[in-house]
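Undergrad: when you get a sec, could you give me coordinates for this:
(2 chains)
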Protein chains: 2
Amino acid sequence: MNGGTGNETRGPLAIIAGGGVLPFAIADAAIARGRRVVLFLVKGAADPARVNSHTHHWIRVTQVKTLMALMRKEGCRDIVLIGAMNRPSFWQVVSSLGEIAGVLPALISGLRGGDNHLLSNVARVAERNGFHVVGGHEVAPEILVPAGSVSSRTPTASQHESIQHGLQLLNAIGPFDVGQGVVVIGQNVVAVEGIEGTDAMLARVRDLRSAGRITTKRGEGVLVKAPKPQQDRRFDLPAIGPRTIRGVEEAGLAGIAVVAGQTVIAEPEEFMREADRAKVFVVAVEAKA
Amino acid sequence: MNGGTGNETRGPLAIIAGGGVLPFAIADAAIARGRRVVLFLVKGAADPARVNSHTHHWIRVTQVKTLMALMRKEGCRDIVLIGAMNRPSFWQVVSSLGEIAGVLPALISGLRGGDNHLLSNVARVAERNGFHVVGGHEVAPEILVPAGSVSSRTPTASQHESIQHGLQLLNAIGPFDVGQGVVVIGQNVVAVEGIEGTDAMLARVRDLRSAGRITTKRGEGVLVKAPKPQQDRRFDLPAIGPRTIRGVEEAGLAGIAVVAGQTVIAEPEEFMREADRAKVFVVAVEAKA
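TA: The predicted structure is shown next:
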């Protein structure tokens, strides 16, 4: 399973893998398309239980020279850097990469502008070293959610209004390179995602409900996620997975809305099962609010 | 101390008091101006330890008829409804008030548009019943922060940039009737306030730092607070107090920026002492970002 047949013109694909299932989903999809894939698993971040028959190397975040040497030895030129699900580790990788390549000032200037600028700078550093950073969705477009209902439930008219309200808010804050998610109940914005991430935001909504700060009945409200307008989609796309469903369920919300063609679902089979079990709708809508 | 001299043309002022020190700060300022004040303290919300020689009545959130009768008996026509610091209780007050007055549908339609619309509707209900809802800052304008430095520290040039970035973000989300606060470190938006409130947002920033999700050194970053553009300033102005200073300190931030003339400081003396002790700057800037 770890060797590809055909489609080798660009050489094997290196996936530098942080936590979560997404690196493996991309690996499997690329392999299914006939590409050879080599996983570079970041120790302490990547999940050992998910390594199946994949060709892989474990690396430490500080072993940047080793990583580059190994990637060259494996003949990899294209890199997928999946950091969205485990950002702190990647920030460390990035810093090390910067130090080695002697471009720390560029990275530091990148830090001022948020994650997105930072990761764009990483891509530049990697490219200066002869690598080409590509997005998981470029090598495996089937991981992107198409427009329409993803689960068997669908939003009501008023939930559609909440979705539009959330998209408009995300659109308004887009220029500020802030979080990608918002929770809207009716027309009330209950929570806005900062660097804490979607899971933590959903836990906050759950706690606000427990504390009596949200008094609307369970089964109302929507988690809306959208990419930032200026987001470099090579390494950071909104992702949802089974855990998102459980977070939405515990927060007492009705469903999830994401942007079609710009969102990744991790573990899609379990995701669907969980959505149906939890009676949560999942819908992918067009980008414009 | 509970009787005023002169300035009685409008009769005594009723302050319906939720939690926090603000109702008492307004009461004391109005009394100092020679107005008679009657406090209606909401049980479970207002702080008994702060009731000094004030004329007061304790009420339950459900005793709306009793409240209206007492206010009439005391000769109060003007009401200050200080709910910003203890919103959930006031939501309950509001619902009860709505039921009694038979205007629940109007209130429910208010709920759709966020707190601000809701409170505007409460004001309408109270006014239909012969009362006049005024803002704490109208009866005691000295509680508003004037432009300039509030504490002895001042922001650096880069912290001024963070403040502008934060104000621009708050301005962008204004139309959505969402929170009034944001935490900006450098040019990175770290947290956006939803219904959890400023203290909870600061606790989140503290926890993100403990968890290694914020790696910039302590003593950088700013809490920026601004009123929502469409906010009805009679009952909801951004407020900061000694607890805000401690939250900022624990979050490892450098300071606080608020909007001049549109922000209230609770317990100003302790606030200044705490700001200086914690080496936190506090600055009031002009409204436009």
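Undergrad: please enumerate the strands of the stretch 101-250 of chain A.
TA: Here the stretch 101-250 of chain A has its strands, by DSSP state E, counting those that start in this stretch, at A:132-134, A:148-149, A:181-185, A:188-192, A:222-225, A:239-240.
Undergrad: check which residues of the fifth one are buried.
TA: Translated: strand A:222-225. A:222-225 (16 or more other Cβ atoms under 10 Å in any protein chain shown). In short, each C-beta sits where N, CA and C put it, glycine included.
Undergrad: helices of the stretch 101-250 of chain A, residue ranges please.
TA: Using DSSP state H, counting those that start in this stretch, the helices of the stretch 101-250 of chain A run over A:104-112, A:115-128, A:136-139, A:157-173, A:198-210, A:242-250.
Undergrad: and the third one, what does it pack onto?
TA: What it means is helix A:136-139. helix A:22-32, strand A:78-82 (3 or more Cβ pairs under 8 Å, 6 or more residues apart in numbering or on different chains; DSSP states H and E).
Undergrad: could you redo the last one with a cut-off of 10 Å?
TA: strand A:13-17, helix A:22-32, strand A:78-82 (3 or more Cβ pairs under 10 Å, 6 or more residues apart in numbering or on different chains; DSSP states H and E).
Undergrad: which strands and helices sit next to the helix or strand just after the longest one?
TA: Spelled out, it's helix A:22-32. Where DSSP states H and E defines the elements, the next helix or strand beyond helix A:22-32 is strand A:37-42. Applying 3+ Cβ pairs under 10 Å, 6+ apart, one finds that strand A:37-42 contacts strand A:13-17, helix A:22-32, strand A:55-59, helix A:64-73, strand A:78-82, helix A:87-101.
Undergrad: buried stuff in strand A:37-42?
TA: By 16+ other Cβ under 10 Å, the buried positions in strand A:37-42 come out as A:37-42.
Undergrad: need the worst-confidence member of the buried residues of strand A:222-225.
TA: Minimum pLDDT across these is recorded for A:K225, with 95.
Undergrad: the nearest residue to A:F131 once chain neighbours are set aside pairs with what?
TA: Distances taken as Cβ to Cβ, 6 or more residues apart in numbering or on different chains put A:I79 closest to A:F131, at 5.1 Å, once the chain neighbours are dropped. For A:I79, the beta-bridge partners are A:A14, A:V133 (DSSP bridges).
Undergrad: quick revisit: if you compare the helices and strands packed on helix A:136-139, which one is most tucked away?
TA: strand A:13-17 (a mean of 27; mean count of other Cβ atoms under 10 Å in any protein chain shown).
Undergrad: possible to save the helices of the stretch 101-250 of chain A as CSV with mean pLDDT and mean neighbour count?
TA: CSV is the format used below for those (pLDDT from 0 to 100; neighbours: other Cβ atoms under 10 Å in any protein chain shown):
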stretch, mean pLDDT, mean neighbour count
helix A:104-112, 37, 16
helix A:115-128, 63, 20
helix A:136-139, 83, 20
helix A:157-173, 95, 19
helix A:198-210, 96, 20
helix A:242-250, 96, 21
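Undergrad: can I get these in CSV with distance to A:A257?
TA: Converted to CSV, the helices of the stretch 101-250 of chain A look like this (distance: least, Cβ to Cβ, whole Å):
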stretch, distance to A:A257
helix A:104-112, 31
helix A:115-128, 22
helix A:136-139, 19
helix A:157-173, 4
helix A:198-210, 13
helix A:242-250, 11
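Undergrad: and chain B, is stretch A:281-289 touching that?
TA: No: judged by Cβ under 10 Å from any Cβ of the partner chain, stretch A:281-289 stays clear of chain B, getting no closer than 11.7 Å.
Undergrad: now do the buried residues in that stretch.
TA: Buried residues in stretch A:281-289, counting neighbours by 16+ other Cβ under 10 Å, are found at A:281-285, A:289.
Undergrad: which of those sits closest to chain B?
TA: A:A289 (11.7 Å; Cβ to the nearest Cβ).
Undergrad: confidence score at A:E274?
TA: 96.
Undergrad: ok so, going back, which among the buried residues of strand A:37-42 gets closest to B:E142?
TA: A:V42 (56.9 Å; Cβ to Cβ).
Undergrad: for the closest residue to A:T66 other than its chain neighbours, what are its contacts?
TA: Spatial nearest neighbour of A:T66, excluding adjacent residues (Cβ to Cβ, 6+ apart): A:I59 at 6.3 Å. Contact analysis of A:I59 by Cβ atoms under 10 Å, 6 or more residues apart in numbering or on different chains lists A:16-17, A:40-43, A:46, A:66-67, A:70-71, A:93.
Undergrad: any chance of a markdown table for those residues, columns pLDDT?
TA: What follows is the contacts of A:I59, written out as a markdown table (pLDDT from 0 to 100):
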| residue | pLDDT |
| --- | --- |
| A:I16 | 85 |
| A:A17 | 83 |
| A:F40 | 91 |
| A:L41 | 89 |
| A:V42 | 79 |
| A:K43 | 80 |
| A:A46 | 81 |
| A:T66 | 80 |
| A:L67 | 81 |
| A:L70 | 92 |
| A:M71 | 92 |
| A:V93 | 50 |
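Undergrad: tabulate those residues (JSON lines), appending distance to B:G135.
TA: Listed next are these as JSON lines, based on distance: Cβ to Cβ, whole Å:
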{"residue": "A:I16", "distance to B:G135": "56"}
{"residue": "A:A17", "distance to B:G135": "55"}
{"residue": "A:F40", "distance to B:G135": "60"}
{"residue": "A:L41", "distance to B:G135": "59"}
{"residue": "A:V42", "distance to B:G135": "54"}
{"residue": "A:K43", "distance to B:G135": "58"}
{"residue": "A:A46", "distance to B:G135": "55"}
{"residue": "A:T66", "distance to B:G135": "64"}
{"residue": "A:L67", "distance to B:G135": "60"}
{"residue": "A:L70", "distance to B:G135": "66"}
{"residue": "A:M71", "distance to B:G135": "63"}
{"residue": "A:V93", "distance to B:G135": "52"}
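Undergrad: for stretch A:263-274, list every residue counted as buried.
TA: Neighbour-count burial for stretch A:263-274, counted by 16+ other Cβ under 10 Å, picks out A:263-268, A:271-272, A:274.
Undergrad: before we move on, the earlier item: can you tell me which of the helices and strands packed on strand A:37-42 the model trusts least?
TA: helix A:87-101 (a mean of 47).
Undergrad: distance of A:H56 from A:P141?
TA: 23 Å (Cβ to Cβ, to the nearest Å).
Undergrad: likewise A:G174?
TA: Separation of A:G174 from A:P141 (Cβ to Cβ) stands at 24 Å.
Undergrad: neighbour-wise, which of those two wins?
TA: Neighbour totals were compared for A:G174 and A:P141, and A:G174 leads with 17 against 12 (other Cβ atoms under 10 Å in any protein chain shown).
Undergrad: my guess is that one meets B:A172, correct?
TA: Yes: between A:G174 and B:A172 there is a contact under Cβ atoms under 10 Å: 8.9 Å.
Undergrad: nearest spatial neighbour of A:L169, chain-adjacent residues omitted?
TA: Setting aside the residues directly before and after it, A:L169 is nearest to B:F176 in space (Cβ to Cβ, 6+ apart), at 4.8 Å.
Undergrad: also A:P146?
TA: A:A260 (6.0 Å).
Undergrad: pull the contacting residues for that neighbour.
TA: By Cβ under 10 Å, 6+ apart, the contact list for A:A260 reads A:144-148, A:150, A:283-287.
Undergrad: that one and A:A284, how far apart?
TA: 4 Å.
Undergrad: show the contacting residues for A:E274.
TA: A:151, A:241-246, A:248-249, A:267, A:280, A:282.
Undergrad: next, count neighbours for A:R153.
TA: 18.
Undergrad: pLDDT score assigned to it?
TA: 95.
Undergrad: could you verify my assumption that it touches A:K279?
TA: Yes: A:R153 is within contact range of A:K279, at 6.3 Å (criterion: Cβ under 10 Å).
Undergrad: shared neighbours, the two?
TA: Common neighbours of A:R153 and A:K279 (Cβ under 10 Å, 6+ apart) are A:254-255.
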